[in-house]
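Asker: generate coordinates for the sequence data below:
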Amino acid sequence: MVEQMIEGRSWFGPATEAVVALLRQVPEDRMDAPTPCSDWDVRTAVNHVIFWNGRAADAAAKAQPTGPEEDHDFTAEPGWADRFAEQAAVTARAWQDPDAWTGSTSLSGTGPGMPAPVIGSMMIGECVLHGWDIATALGIETNFDPDLVEYCYKGLSSIADMGRQYGAFGPEVAVPDDAPLLDRLIGLSGRAPHWKP
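Answerer: Sure thing, here's the model as predicted:
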């Protein structure tokens, strides 16, 4: 499974580009809209994406985290979407380095961390899952590459149970086996694919 996760080197760029395109469409007057991610509004989801994307750049370099803490409101800053686009490009480039996918690393900078391919795969999945959260909250159509969705589904399948133990995902939502793979990915992550505000 780790070898499959390393294939994410080719998907980090498309995943970040997809979430950047979605965040550029977020209206300032809809930041308080609810999302499918329990107890999160759009602002919280957007800040989560921006914060952890920045941490992912440090993780790729096996470096201590830099920048604001998790409670920082990036959306309060003028031009936040443009700055996120710049940051996301830096993060994607960092994960293009083959060394980023070797050894172990940490998003928090503490502890032994996890295998770097697991972290890289998780961060690609974050782009798709939270991109879907934000798009669904706002009625924006998603356009994720089907192969990217398949990569995320395989990656999430291998860590979903662990993620539930740590509270990262809710209980799996049953989705028919013949449903679109994106719906199955969303259900696996504990979200309802047909959620409405």
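
Asker: tell me where the model's unsure across the protein.
Answerer: 1-6 (pLDDT under 70).

Asker: please enumerate the helices of this structure.
Answerer: Assigned helices in the chain, in chain order: 2-6, 12-23, 42-60, 80-94, 116-138, 146-165, 181-188 (criterion: DSSP state H).

Asker: dump those to JSON lines, plus mean neighbour count.
Answerer: The C-beta positions use only the backbone N, C-alpha and C, and glycine is treated the same way. Listed next are the helices of the chain as JSON lines, based on neighbours: other C-beta atoms under 10 Å:
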{"stretch": "helix 2-6", "mean neighbour count": "15"}
{"stretch": "helix 12-23", "mean neighbour count": "22"}
{"stretch": "helix 42-60", "mean neighbour count": "22"}
{"stretch": "helix 80-94", "mean neighbour count": "17"}
{"stretch": "helix 116-138", "mean neighbour count": "24"}
{"stretch": "helix 146-165", "mean neighbour count": "17"}
{"stretch": "helix 181-188", "mean neighbour count": "20"}
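
Asker: tell me which of these sits nearest to residue 69.
Answerer: Residue 69 sits nearest to helix 42-60 of all the helices of the chain, at 8.3 Å, using C-beta to C-beta.

Asker: what angle do the closest one and helix 80-94 make?
Answerer: 30 degrees (axes from the mean of the first three to the mean of the last three C-alpha atoms, to 10 degrees).

Asker: check the offset of helix 42-60 from the chain's centre.
Answerer: Relative to the centre of its chain, helix 42-60 is centred 8 Å away, using C-alpha atoms, centre = their mean, to the nearest Å.

Asker: tell me the helices and strands packed up against that helix.
Answerer: helix 12-23, helix 80-94, helix 116-138 (3 or more C-beta pairs under 8 Å, 6 or more residues apart in numbering; DSSP states H and E).

Asker: again, only this time at 10 Å
Answerer: Using 3 or more C-beta pairs under 10 Å, 6 or more residues apart in numbering; DSSP states H and E, the elements in contact with helix 42-60 are helix 12-23, helix 80-94, strand 104-105, helix 116-138.

Asker: next one: the most far-flung residue of the chain relative to its centre from residue 184, what distance?
Answerer: The centre of the chain is farthest from one residue, residue 178, which by C-alpha atoms, centre = their mean lies 24.7 Å away. Here the criterion is C-beta to C-beta, to the nearest Å. By it, residue 178 lies 9 Å from residue 184.

Asker: and residue 51, what does it touch?
Answerer: Contact partners of residue 51, counting by C-beta atoms under 10 Å, 6 or more residues apart in numbering, are 65, 67-72, 74, 107.
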